[in-house]
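**Student:** predicted model, plus sequence, below.
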There are 2 protein chains.
Amino acid sequence: MNPMTTYCYLNGDIIPVSEAKVSVCDIGLLRGFGIYEALATKNGKPFRLADHTARFRMSAREMQLTIPVTDEVFGQILEDLHAKNGFKESIFRIILTGGTAQAGIEYDRGTPTFYILCEEFKPIEASNFTDGCSLITAEFERQFPRYKTVNYIEAVLLQGQRKEKQALEILYVHDGGVYECATSNFFIVKDGIVITPNIGILEGITRKVALEVARAAGTVEERPVSVDEMLQADEAFLTSSFKDIVPVVQIDDTKIGTGAVGEVTKKLMHGFEAYANAQ
Amino acid sequence: MNPMTTYCYLNGDIIPVSEAKVSVCDIGLLRGFGIYEALATKNGKPFRLADHTARFRMSAREMQLTIPVTDEVFGQILEDLHAKNGFKESIFRIILTGGTAQAGIEYDRGTPTFYILCEEFKPIEASNFTDGCSLITAEFERQFPRYKTVNYIEAVLLQGQRKEKQALEILYVHDGGVYECATSNFFIVKDGIVITPNIGILEGITRKVALEVARAAGTVEERPVSVDEMLQADEAFLTSSFKDIVPVVQIDDTKIGTGAVGEVTKKLMHGFEAYANAQ
């Protein structure tokens, strides 16, 4: 489907994406100055909306930006967009920039650019869930890992390499540690314990739900993870709002565990699905 | 002057800025994925155009972007914009993004978004040149220092602090080293030798010209500079395409040298001015 035929929200109006445009003077374009948020519907409702809204507000606060609507209006816009587009399930990409640049590098907090794209949710290939996916690693450290800024330069640059290697995602490693994927969080399982990095990462909402499900079923550790530990893990998986929980069976040239989808991961996937279906 | 009343270039056309808009699906907005270039006219001609064009091409190559015009056409657009706007001297801000995003994080190299803003050149306050300016420091390391990407998040965030301290610029330091300012290069003078960092920085074109002028007059060192060395310098100055050479007399709470504009800096300013006037 052509995303240009969908409806989006831009500064107060729901309009066709083909008509939704931003000034060339926007500080989001001139200085890459903006924040990003992404979520999906489950059963037609924005999934874990309160968590996404809270994170969006935190990113805005840290980046000195003002979200121009209340939480209530924000949720209503998402529901309106979903209804207007008529998708079974939707994904939303939310952008907030400083608006028109002043003196080239400043902006007025009172006049942000705020828009929300809505696309039809399309699940990734089923084989990722049944057989597991592979990752490539890249030596990289995000600049503001805790906040979801629009700076995805490294992630964009690595897409060609990712596709060439038929990997689903790019895993950022640096100084011998494992952090997060370009647009997902990363977990390992060792001796039945679910382990995920907790420093230098974006705290994903699907990561949060996966941790809730994992905690209800067993032991969880949120702590730094080394590359060596990752390579010797029994299982691995990633979490993302647009992908849910996806088993990882290969990282670069190394098979993880047996190279098949692990039992702990399978249970978490089922637990997550049951939780999501109950929303 | 309202920048919205100027003419800009956008994807082949010279149009009023008020009509120049970019799709909300542009990967420059969604993922901060773009490069930047900035230059000014001297005597009505783009100053050191060949150097700026070469750097722009290098940034494009490294960022996997394609500049959709030849060098000749690029120069012609700048001259046309300058003439159309009728300014005595112009500054140009050039943006190249990947164009419309595909699958949220990919793009087609064949359809970039390419635009050039043209504003009237307004010199900074004369007292900066006669009495020197002050800087604030910030602990920060740019992600792709050699390439001029649009990622100026840290620079934008620090503008409030810069203005509060009445500083002209923000000087990035990290791990005990001095690098560059947010939008300028940085130099010190010690025992008559002109010294500037050469690693982990953007190689500015005004920096290059300043080095040419300095080399013709004396000894120059391009090498790492420590914070301690900076604080004990006899003189300091910054260089930028929109500011030329500006003496620095204070950094945070420390006076540099005598706290007055240094003699070596003065000679360089005069040499630079003579060179620019001869263009």
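**Tutor:** That came through, no problem.
**Student:** which phi and psi does A:D244 have?
**Tutor:** phi 60, psi -130 (degrees, to the nearest 10).
**Student:** any idea how far A:A274 is from it?
**Tutor:** 12 Å (Cβ to Cβ, to the nearest Å). Quick note: C-beta positions are derived from backbone N, CA and C, even for glycine.
**Student:** of the two, which one has the most company?
**Tutor:** The neighbour comparison of A:D244 against A:A274 (other Cβ atoms under 10 Å in any protein chain shown) goes to A:D244, with 22 against 10.
**Student:** thought the more buried one was touching A:N277?
**Tutor:** No: counting by Cβ atoms under 8 Å, A:D244 stays clear of A:N277, with 11.5 Å between them.
**Student:** would you put the C-alpha positions of stretch A:156-173 in CSV?
**Tutor:** Extracted C-alpha coordinates of stretch A:156-173, given in CSV (Å, rounded to 0.1, in the frame of the first residue of the first chain):
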residue,chain,number,x,y,z
VAL,A,156,19.8,4.2,8.4
LEU,A,157,23.4,3.8,7.2
LEU,A,158,23.4,0.1,8.3
GLN,A,159,20.2,-0.9,6.5
GLY,A,160,22.1,-2.0,3.3
GLN,A,161,24.4,-4.2,5.3
ARG,A,162,21.6,-5.6,7.3
LYS,A,163,19.6,-6.6,4.2
GLU,A,164,22.7,-8.1,2.5
LYS,A,165,23.3,-10.3,5.5
GLN,A,166,19.5,-11.1,5.6
ALA,A,167,19.5,-10.0,9.2
LEU,A,168,16.3,-8.7,10.9
GLU,A,169,18.1,-6.2,13.1
ILE,A,170,21.4,-4.5,14.0
LEU,A,171,22.8,-5.1,17.5
TYR,A,172,24.8,-2.2,18.9
VAL,A,173,27.9,-3.3,20.9
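**Student:** list the buried residues of it.
**Tutor:** Buried positions in stretch A:156-173, judged by neighbour count with 16 or more other Cβ atoms under 10 Å in any protein chain shown: A:156-159, A:162, A:167-173.
**Student:** what's it in contact with?
**Tutor:** A:124, A:128, A:133-142, A:154-155, A:178-184, A:186, A:227, A:238, A:243, A:246, A:251, B:27, B:31, B:33, B:63-64, B:98, B:105-107 (Cβ atoms under 8 Å, 6 or more residues apart in numbering or on different chains).
**Student:** out of those, which sit inside helices?
**Tutor:** A:128, A:154-155, A:227, B:27 (DSSP state H).
**Student:** got JSON lines for those residues, with pLDDT, neighbour count and distance to B:N11 too?
**Tutor:** Formatted as JSON lines, the ones in helices among the contacts of stretch A:156-173 follow (pLDDT from 0 to 100; neighbours: other Cβ atoms under 10 Å in any protein chain shown; distance: Cβ to Cβ, whole Å):
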{"residue": "A:N128", "pLDDT": "98", "neighbour count": "19", "distance to B:N11": "37"}
{"residue": "A:E154", "pLDDT": "97", "neighbour count": "18", "distance to B:N11": "26"}
{"residue": "A:A155", "pLDDT": "97", "neighbour count": "21", "distance to B:N11": "25"}
{"residue": "A:V227", "pLDDT": "98", "neighbour count": "16", "distance to B:N11": "44"}
{"residue": "B:I27", "pLDDT": "98", "neighbour count": "26", "distance to B:N11": "15"}
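**Student:** please identify which pair of those residues lies farthest apart.
**Tutor:** A:V227 and B:I27 (30.3 Å; Cβ to Cβ).
**Student:** export the host helix or strand of A:L96 as PDB, just CAs?
**Tutor:** According to DSSP states H and E, A:L96 maps onto strand A:90-97. What follows is strand A:90-97, C-alpha atoms only, in PDB (Å, rounded to 0.1, in the frame of the first residue of the first chain):
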ATOM      1  CA  SER A  90      -2.300   0.300  12.900                       C
ATOM      2  CA  ILE A  91       1.200   1.400  13.700                       C
ATOM      3  CA  PHE A  92       1.800   5.100  14.600                       C
ATOM      4  CA  ARG A  93       5.000   7.100  14.200                       C
ATOM      5  CA  ILE A  94       4.900  10.300  16.200                       C
ATOM      6  CA  ILE A  95       7.300  13.200  15.600                       C
ATOM      7  CA  LEU A  96       7.700  16.400  17.600                       C
ATOM      8  CA  THR A  97      10.200  19.000  16.500                       C
END
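**Student:** could you point out which element follows that strand?
**Tutor:** Immediately after strand A:90-97, counting by DSSP H and E, sits strand A:113-120.
**Student:** sheet-wise, list the partners of that following strand with their directions.
**Tutor:** Applying DSSP bridges, strand A:113-120 is found paired with strand A:7-10 (antiparallel), strand A:90-97 (antiparallel).
**Student:** nearest to B:V17, of the ones in helices among the contacts of stretch A:156-173?
**Tutor:** B:I27 (21.6 Å).
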